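Student: Here is a sequence with its predicted model. Questions after.
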Amino acid sequence: MQVTNEFLQNLRQDYKSATLDEADVDNNPITQFKKWFDHAIEAQVYEPNVMTLATADKAGKPDARIVLLKGVDEDGFRFFTNYLSAKGKELKRNPYAALVFFWPDLERQVRIEGIVEKLDKETSEEYFITRPVTSQIGAVVSPQSQIIPDRRFLEEKFENLKAKSDNKTIAKPAHWGGYIVKPTRIEFWQGRNSRLHDRINFELIKGNWIKTRLAP
């Protein structure tokens, strides 16, 4: 199949699976997120914790990639990565980010904006030791976002450390750890027919969440 502009213009899906009314949305958006996340798990959505993380550098140039949600509570949304990666460097210069969850099976999307802070060392270490040893090794040997000569370079570093570790727990490297996105805005999007989607938006104003409806 040849992908043409005409093909793409006619590629569409009408959404009819559910509706979203203000009265049905919890006044606490974190509680509402957890409800939707539970629905995604019950519906056996593939990797429901997959989220797009969007960052920007000091000049405002945007960047985005997929990461995994590894914790959520009233403080915010947690993920872990290499601090020396492109996203780590961008967050150091500009500590604001946006997250997007999309669960197509449920025709739902959640958009989050907030301030990003590093998690403390103890929290990062607690999570790191729960990872498979091979994932721990990968975190140590991969110079994330840096240019490497070839795949073999990475595999050799991996195999060398694996042989030395003898499948024992690896210490968390200083350049690896967690972040928390402390939300200031959370939007719940439910696909509807005729592109008249439901959008319920929360803004954090003076410590209180204000709920409104947005036009699609």
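Tutor: Noted; the coordinates are in hand. Residues are numbered from 1 along each chain as shown.
Student: Can you verify my assumption that residue 81 contacts residue 145?
Tutor: No. The criterion here is C-beta atoms under 8 Å, and residue 81 misses it with residue 145 at 10.0 Å. C-beta here means a position set from N, CA and C on the backbone, and glycine is covered the same way.
Student: Looking at these two, which one has more neighbours?
Tutor: Per other C-beta atoms under 10 Å, whichever of residue 81 and residue 145 has more neighbours is residue 81, with 22 against 14.
Student: Can you classify the more buried one as helix, strand or coil?
Tutor: Using DSSP: H, G, I helix; E, B strand; the rest coil, the structure places residue 81 in strand.
Student: how much space between the residue most central in space within the chain and residue 151?
Tutor: For the chain, residue 51 is the residue whose C-alpha lies nearest the centre (C-alpha atoms, centre = their mean; 3.2 Å). For residue 51, the distance to residue 151 equals 27 Å [C-beta to C-beta, to the nearest Å].
Student: now do residue 133
Tutor: 21 Å.
Student: what's the answer for residue 128, then?
Tutor: From residue 128 to residue 151 the distance is 25 Å (C-beta to C-beta).
Student: On the pLDDT front, check residue 17 for me.
Tutor: Looking at residue 17, its pLDDT is 83.
Student: Pretty sure it sits against residue 191.
Tutor: Yes. Counting by C-beta under 8 Å, residue 17 touches residue 191, with 7.4 Å between them.
Student: Pull up the overlap in contacts between the two.
Tutor: Common contacts of residue 17 and residue 191 (C-beta atoms under 8 Å, 6 or more residues apart in numbering): residue 107.
Student: From the neighbour counts alone, determine which of those two ranks first.
Tutor: residue 191 (22 against 11).
Student: circling back: and the residue nearest to the centre of the chain, helix, strand or coil?
Tutor: strand.
Student: Tell me how far it lies from residue 82.
Tutor: 17 Å.
Student: before we move on, what about residue 66?
Tutor: 15 Å.
Student: More neighbours: these two, which one.
Tutor: residue 82 (19 against 10).
Student: Who are the contact partners of that one?
Tutor: Residue 82 neighbours (C-beta under 8 Å, 6+ apart): 88, 139, 142, 144, 145, 175, 176.
Student: Residue 127 too?
Tutor: 70, 80, 178.
Student: what bridges to the closest residue to the first one other than its chain neighbours?
Tutor: To tie it back to what came earlier, the one meant is residue 70. Of all residues not flanking residue 70 in the chain, residue 78 sits nearest, at 5.1 Å (C-beta to C-beta, 6 or more residues apart in numbering). Bridge pairing for residue 78 (DSSP bridges) gives the partners residue 71, residue 180.
Student: Much appreciated, bye for now.
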